[in-house]
Structure formats: C-alpha cells, structure tokens
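1. sequence and computational prediction follow.
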Amino acid sequence: MKSTVSRTVTPSATASTTASIAAKPRAARIRPHTDLPTIPNGSPLLLLGRRSDAATEKGVYCPGDLPSPSDPTLMDRARAARDALGDRAVVLGHHYQRDQVIAWADQRGDSFALSRFAATADAEFIIFCGVHFMAESAAILARDDQTVILPDLAAGCSMADMAETRQVVDAWARLERAGVADATVPLTYMNSTADIKAFCGERGGTICTSSNAPRAMRWAFAQMPYGAGKVLFLPDQHLGRNTAVLGLGLDLADCVVYDPWQPDGGLTDEELGAARVILWKGHCSVHARFLPHMVDEAREKLPGIEIIVHPECRHEVAVKADRVGSTGQITKWVEDAPAGARIAIATELNLVKRLADEHRDKDVVFLDDTVCFCATMNRIDLPHLVWVMENLLDGVVVNQVTVDADTRHWARVALDRMLALPGDDRSLSATAIAS
C-alpha cells in the first residue's frame, strides 16, 4: 500500500493582478503537471528548511511566485480569486487554522467533519486548509471527479508521522509472535496517514475521532469474545489511554505502551498477553505540553474557573479537568456557557483565541502561559491560499493530494465501519459519569 501526494507545478505560476484575476475564464481546462515524481507518504520534512529535495520531502516551498505576506493587495487578491472560482471550489478550514485563513473558509470544523462535508460538496476543487492526513481523508471520501488540494504540502502532522507503515507492520508481526494478533483489533485515530487507516481496514479494524473514540473502542472489543479481545490503538497514546480509562472504565494497568523504537516494542510476551489496550507511543506535540500543575495554577488564580481539555492531553491533565472533549465539543460548550463564565481551555491556541474573540461576554483563556501553535498547521497561510486559487484560475492544479486505489479502498472500508457505529458522540467526561 502506498499513499502519495502529487506536486503539480508550473514554471510560470506568476501571481495575477486583481483586475486580471476577475477576468479569468471560469471554465479553464485544468492541466496537472507530472514533471516531478510523486513522493511517498511518511517522507521526512525539513520543517524549518528553505531548500527542497523532491526525493525526500512532501514539499517545503512553492514554485513560481508565492505572494509576499506583506503584499498590501493580498486580501483583494484573495477576494477576487475566491469570487472568480465561485462554486467550482470549496475552501475548508480546520479549527486550528489562523484567522486570516479561516476568514475564507466555506466550512470550518474538525478533520473528519470537514472531510465528510467535502464528500457531499459538488465542488470540483476541494482546497483543504489543514494538514496532510486531513487532505488524504478528503481524497479517500471524495468523488473521482473531485480534486483535493493542500496549499502547502509540508503541512504535516508530527503525531501521524510517529506511526510509519513499516513500524506498524513490524508491530503486528510482534503481536503474532506473542500469539495475540488474532485477538487484537487495530483502531487508529483520524490523525493518521491513509496507509495506517488502510492497515486497520484490511485487518478488521476501524477509525475513530476524538469525539467518538469510546464508541469505536467499545465496537473493537465487541469483535472478540467477551474479555478475550485486545485493541491496538494508533497513533496517540494519550487519546487511547483517556478513552480506555475515562471512557470505558478500564484500569491504567490494562494499558501498555508499545514503543516502535525499542526491541519487541519494549514489551514482553506476558505483558502483551495481559494487556487489554496496546497503546502506540505517539503524541500530539501541542497537547502534550499541558501539565497537571497548569490546572492547579488556573484554579488558584481564577476561583470557580471551568477547565476544559482535549483528550489528546496527558491522562494526568484529563483527570484534573472538569470536561474532556473534542474541538467540536469544546466549541459547543463555550457557546452554551452562560455570560460571565470563566473557562480555561487546553487545546491549540488559534481555536482558543477565536473562541475568546467570538464570546467576549465570557472569560475564555488558554490554560498554558506559553504560546503554542500547531507549527505544521500554521504553514497554511494566506499567501499559500492565494497562490493555490490563482493557479487554479490559470488552469493549473498545484499541490494535489491523491491516494492510490488499494490504499483508498481499505481506508474507506475502515471509515465506513466507523460511520456505521451505533450511538451518539459523548465527551469522555460525560461518558465516564454515565458509565
């Protein structure tokens, strides 16, 4: 299985003026370029580099003329390009995107909600302002006649990259040697590559989001005789642990961590045999920054404050919080809170700042005193978005994300299993109380 991205470029991708953009023919023929090789998913990135190596990178630069962030006409160019594309394109913005990008989004939400929206859209072009795995998911769910574009192919996800296909295949072989693979159902977080989604689909597993993880894990256990099954949870150990303990009521001792960089995953056959949940050693670099003492300090500084954290946070943080929920759930909780409410949130700063700006009758603050954006998500900016849209108006597709047929099939199988799961999407804290 191999998932690829196509870097489609033109040597003359010169930015147009506002006047000429508006005059572009809306029915221009789109011509993908194939002069650069497709690049395997999971390739390393030079995240802070200025150079590019097409053999090893998904992309760290834009060929042609990338608009300058200081261009005083940038907003006008964005408006003209977006108006000229009209219904041919849909722009999707993840909750963690910067405001200058969200301003142009036709729909905003979490990764799977946006992918589902894209699948029902009639647009020819899906411009996904998120990170790479999100664009892949959109490509898996999109129609064959739709084109998915990621404005900067270097917008990856460090968590997703912590579970490479080779490593996961080796881990499954380790479970086979320990005699537990037949009793294990693989369950991957939406924040994973298309290859890992396909791996789970081909082996009877499924996918979960941060909002439906308890439901998906219950389904996984139900595939085996009661008490005999195990779950291999990829790639975020913290979401897996919080789901197992807060969502399903398992003990911390029921969970073990598989480290792909250690011989045999750092686990004995006996440890694998006794475990109920095998957690992959991965994490979100943003949410792992939140520490238990931050919760204590927030309560001391602001008595009566409500602490809301994302389930990708450490378990020690989640157990101290008042609520644990996905970005969609966090957004709704803030919207529903009464005027004057004090809320500290542990998730990506762009979303927290936006919620504070949109609900000025409430005191919404970031749980950590240190500024921490999602670095790869923030690679998507207005210059890249304008660059993509102006190239489409020139009849050129840039930064198309594609998934090969076999990977797409098995990843879609896993996604369809998730979509068929019964029940509602409750937060971990609500689930724990109800259990």
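-> Received it, and whenever you're ready, just let me know what you need. Here the structure is a predicted model, which means the values were calculated and not measured.

2. ok, now which ones touch the residue nearest the centre of the chain?
-> Residue closest to the mean C-alpha point of the chain, counted by C-alpha atoms, centre = their mean, is N191 at 4.3 Å. Applying C-beta atoms under 8 Å, 6 or more residues apart in numbering, one finds that N191 lies in contact with S111, F133, C157, M159, A160, P235, D236, C284. In short, each C-beta sits where N, CA and C put it, glycine included.

3. pretty sure the fourth one is touching S285, no?
-> Yes - taking contacts as C-beta atoms under 8 Å, M159 lies within contact range of S285: 7.4 Å.

4. between the two, point out the one with more neighbours.
-> M159 (28 against 15; other C-beta atoms under 10 Å).

5. what's the pLDDT at the more buried one?
-> On pLDDT, M159 comes in at 90.

6. equivalent analysis for A181, please.
-> Confidence score, pLDDT, at A181: 97.

7. ok, and the closest non-adjacent residue to it?
-> Counting by C-beta to C-beta, 6 or more residues apart in numbering, A181 lies nearest to L175, which is 4.0 Å off, once chain neighbours are set aside.

8. report the secondary structure state of that neighbour.
-> Classification of L175 using DSSP: H, G, I helix; E, B strand; the rest coil returns helix.

9. mind listing what it touches?
-> A181, T184, L232, L272, I278.

10. identify, from these, the entry nearest to R98.
-> For the contacts of L175, the minimum distance to R98 (C-beta to C-beta) is 34.9 Å, reached by L232.

11. for that closest one, list each beta-bridge partner.
-> P186, I278 (DSSP bridges).

12. okay, now the residue lying closest to A213 once chain neighbours are set aside: neighbour count?
-> Excluding the flanking residues, the one nearest A213 by C-beta to C-beta, 6+ apart is T243, at 4.2 Å. T243 is flanked by 32 other residues according to other C-beta under 10 Å.

13. and T243, that's in a helix?
-> Yes - using three-state DSSP, the assignment for T243 is a helix.

14. was I right to think it contacts A318?
-> No - here T243 does not reach A318: they are 10.2 Å apart, not a contact under C-beta under 8 Å.

15. show me what contacts I380?
-> With contact set as C-beta under 8 Å, 6+ apart, I380 has these partners: Q97, R98, V101, C129, G130, L150, P151, D152, A155.

16. A121 now?
-> V90, Q146.

17. same thing but 6 Å
-> Contact analysis of A121 by C-beta atoms under 6 Å, 6 or more residues apart in numbering lists V90.

18. kindly report the same for the one 4 residues further on.
-> When contacts are counted by C-beta under 6 Å, 6+ apart, F125 touches A89, T147.
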